[in-house]
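Enquirer: Everything below, folded, please.
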Amino acid sequence: MKIDRKKTVNRCGYDQNECMLLAKHLSVCPDEQLISELKRIKVWNYGKCELGLWADVLDRLDAILENAVTKVGKWMLRLDAPGNSSLVEDVVTILEFTGHLIEHSIYRYLYGSWTHILALFGSSNLDVLLAVLGLSYNFR
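Expert: Numbers count the residues shown, from 1 in each chain. Okay, here's the model as predicted:
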């Protein structure tokens, strides 16, 4: 997600302890366990926080999104290729988690994965499109 860490400031005014603990836990979580940890978060109970706290986690998620939107052939995204159903599930989980995070964060302008999000609008998978629309709605 490549947050410009020079732009982050600590002026939230909210108690961010729960968010910090979750962000630290997810940032050190092994890759194979990260998506399963994100799937467990169905409802956001961590309060409002600064998006800058999540830079390390969002960078990891950005790498997965980058892999998913890589072109296969001339027009197809990797996640739309046959046999990539687990990648589709991972992307939907990432988009849903990011939607929760954006909805409950301040300094949303720091979010930097828009190139991948816009590329996902070209997916032929309706679950992915619905998740992308849900995430985009949180930037209203």
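
Enquirer: For the rest of this, base every contact and every neighbour count on C-alpha atoms.
Expert: Noted.

Enquirer: how far does the helix or strand of the chain with the lowest mean pLDDT sit from the chain's center?
Expert: When each helix and strand of the chain is scored by mean pLDDT, DSSP states H and E, strand 105-106 comes last, with a mean of 90. Between the centre of strand 105-106 and the centre of its chain there are 14 Å (Cα atoms, centre = their mean, to the nearest Å).

Enquirer: and the next element down the chain from that strand?
Expert: Heading C-terminal from strand 105-106, the first helix or strand you meet, by DSSP states H and E, is helix 114-120.

Enquirer: next one: the helix or strand where Arg60 lies to chain centre, how far?
Expert: Element membership for Arg60 (DSSP H and E) is helix 55-68. Centroid separation for helix 55-68 versus its chain: 7 Å, with Cα atoms, centre = their mean.

Enquirer: List the contacts of Asp15.
Expert: 47-49 (Cα atoms under 8 Å, 6 or more residues apart in numbering).

Enquirer: Helices along this protein, start to end?
Expert: Along the chain, counting by DSSP state H, helices occupy 17-28, 31-39, 55-68, 85-103, 114-120, 126-137.

Enquirer: could I get those as CSV with distance to Lys74, mean pLDDT and mean neighbour count?
Expert: Output for the helices of the chain, formatted as CSV (distance: least, Cα to Cα, whole Å; pLDDT from 0 to 100; neighbours: other Cα atoms under 10 Å):
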stretch, distance to Lys74, mean pLDDT, mean neighbour count
helix 17-28, 34, 94, 16
helix 31-39, 29, 95, 14
helix 55-68, 15, 96, 19
helix 85-103, 20, 96, 20
helix 114-120, 14, 95, 17
helix 126-137, 20, 97, 18
